[in-house]
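>>> coordinates only, sequence not included:
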């Protein structure tokens, strides 16, 4: 069978899953792995979220609901949530619900880009953005997040935003760096774009700020550009496998985005949408997770403080920590981050994510969401100091 796509699917593998598969195989053979791969919390769902889903599953009236753009009750509750938490008024109909945010990104890129258009992504980037651009045949340009300061490189943004740019992606707090775009930086981005492109704001880690007050890009006022926000319940609410995400879109995108779901999705599972409604009532659960992961962030910074040839990049939020291993890789003759991650796993049984997934090939990404996270950090420190 001939695959007509020009995408090299082997080269575009999400290496996170390559390492996760190594952990799967080890565990199936009776071993034990410490997974710092997926951004999937090690903590179970709150019992009331599970209870809501069980009640929905026991009710034909609930579990048989079909709304291609999402349950009206969830849209109403999300609108109330944004008003309460951020003092932002959003009409319920401007929320489009889907199975996580990945499908929403794919569909938004399809609506806003065509072959030959340009999309401007952060570097480092979450691999979803890059792959969605490949799917629609758009040309990818990058603006840099400075690895030394974790701040926006404004000059690189200006240099790479062109008349052909139709979509700009921002991600704050960022994956993989845990960097945060300040309000000043966000307004600078808006000023440069000046309404000439749509700005898609990936806000999935908006609840997980460690050192700053939680904010939403939706709080920006009098912007010149159209901002589209995506978010989901998979991170701070721990609903990783219970896929519920949403996009906040302007009026003119509501119907096109919903119609795509008419034909390609039909409906997100109403059972998990009822769980999401309940999740919004448990903000203290989010606060507990943030404090736990902040402690793990601090532990990581301390652990790597005196490790030679490895630089810890101090995240300010998100589920992840990045370590720069360039000097170590050069000293050891390691050519790729996949090779490094594989060596680490074989030696320590700690699964990390190669930085090549994010366009920074001399790094590793560590997810805080491992029950034995601190032990994993200790094993990594030993590996880098004794290998």
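Structure received. Because the structure is predicted, anything quoted here is derived from the model rather than measured.

>>> all contacts plus neighbour counts: C-alpha atoms, from now on.
Fine.

>>> quick one, strands of this structure?
Read by DSSP state E, the chain holds these strands, from start to end of the chain: 34-35, 95-98, 118-123, 139-144, 165-171, 198-202, 227-232, 245-248, 311-313, 320-324, 350-351, 353-354, 363-367.

>>> Most tightly packed of those?
Of these, the one with the most neighbours on average (mean count of other Cα atoms under 10 Å) is strand 353-354, at a mean of 29.

>>> List the buried residues for stretch 292-308?
For stretch 292-308, the buried set under the neighbour-count rule, 16 or more other Cα atoms under 10 Å, comprises 293-294, 296-297, 300-301, 303-304.

>>> hmm, back to that, any chance of the strands of the chain in CSV, with mean pLDDT and distance to residue 6 too?
Listed next are the strands of the chain as CSV, based on pLDDT from 0 to 100; distance: least, Cα to Cα, whole Å:
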stretch, mean pLDDT, distance to residue 6
strand 34-35, 97, 33
strand 95-98, 98, 28
strand 118-123, 98, 18
strand 139-144, 98, 14
strand 165-171, 98, 22
strand 198-202, 97, 26
strand 227-232, 96, 28
strand 245-248, 98, 29
strand 311-313, 97, 36
strand 320-324, 98, 31
strand 350-351, 98, 31
strand 353-354, 97, 24
strand 363-367, 98, 28
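
>>> contacting residues for the nearest residue to residue 54 once chain neighbours are set aside?
Excluding its sequence neighbours, the residue lying closest to residue 54 (Cα to Cα, 6 or more residues apart in numbering) is residue 271, at 7.9 Å. When contacts are counted by Cα atoms under 8 Å, 6 or more residues apart in numbering, residue 271 is found next to 53-54, 56-57, 62-63.

>>> Which among the strands of the chain is found nearest to residue 186?
Each of the strands of the chain has some distance to residue 186 by Cα to Cα; the shortest is strand 165-171, at 9.0 Å.

>>> May I have the strands that pair with that closest one, each with its orientation?
When sheet partners are counted by DSSP bridges, strand 165-171 sits next to strand 118-123 (parallel), strand 198-202 (parallel).

>>> so what's residue 160 up against?
120, 141-143.

>>> for residue 339, that is, sorry about that
Contact partners of residue 339, counting by Cα under 8 Å, 6+ apart, are absent.

>>> And it, how close does it get to residue 304?
Taken as Cα to Cα, to the nearest Å, the spacing of residue 339 relative to residue 304 amounts to 21 Å.

>>> before we move on, what about residue 208?
In this view, residue 208 and residue 304 are 22 Å apart by Cα to Cα.

>>> how about the strands paired with strand 165-171 in a markdown table, adding distance to residue 183?
As requested, these are exported to a markdown table (distance: least, Cα to Cα, whole Å):
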| stretch | distance to residue 183 |
| --- | --- |
| strand 118-123 | 17 |
| strand 198-202 | 13 |
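
>>> Of the ones you listed, which is nearest residue 110?
Closest to residue 110 of the strands paired with strand 165-171 is strand 118-123 (Cα to Cα; 11.8 Å).

>>> residues making contact with that closest one?
Here strand 118-123 makes contact (Cα under 8 Å, 6+ apart) with 129-130, 133, 138-145, 160-161, 164-171, 358-360.

>>> And for stretch 319-337?
Outside stretch 319-337, the residues within contact range by Cα under 8 Å, 6+ apart are 39, 175-178, 205, 208, 235, 293, 297, 308-315, 340, 354-356, 361-369, 384.

>>> Inside helices: which ones of those residues?
Assigned to helices by DSSP state H, the following of those qualify: 293, 297, 340, 384.

>>> give me every residue that touches the third one.
Going back to what we said before, that points to residue 340. Listed by Cα under 8 Å, 6+ apart, the contact partners of residue 340 are 329, 334, 354.

>>> before we move on, back to that, residue 88: which of the contacts of residue 271 is nearest?
Of all the contacts of residue 271, the one sitting nearest residue 88 is residue 53; the distance, using Cα to Cα, is 28.5 Å.

>>> ok, that closest one - contacts?
The neighbourhood of residue 53, defined by Cα under 8 Å, 6+ apart, consists of 271-272, 274-275.

>>> With distance to residue 282 added, can I get these in TSV?
Conversion of these to TSV gives the following (distance: Cα to Cα, whole Å):
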residue	distance to residue 282
271	18
272	16
274	14
275	11
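
>>> now the stretch 151-300 of the chain, which segments are flagged as low pLDDT?
Low-confidence regions of the stretch 151-300 of the chain, defined by pLDDT under 70, are absent; no residue qualifies.

>>> 90 instead, please
212-215, 239, 241, 283-285 (pLDDT under 90).

>>> hang on, the earlier thing: for residue 75, find the nearest of the strands paired with strand 165-171.
Residue 75 lies closest to strand 198-202 among the strands paired with strand 165-171, at 18.5 Å (Cα to Cα).

>>> what's the spacing between the residue nearest to residue 150 when sequence neighbours are not counted and residue 35?
Sequence neighbours aside, residue 179 is the residue nearest to residue 150 in space, at 5.6 Å (criterion: Cα to Cα, 6+ apart). As judged by Cα to Cα, residue 179 and residue 35 stand 22 Å apart.

>>> Tell me which residues touch residue 304, please.
310-312, 381.

>>> Go again with 6 Å.
When contacts are counted by Cα atoms under 6 Å, 6 or more residues apart in numbering, residue 304 is found next to no other residue.
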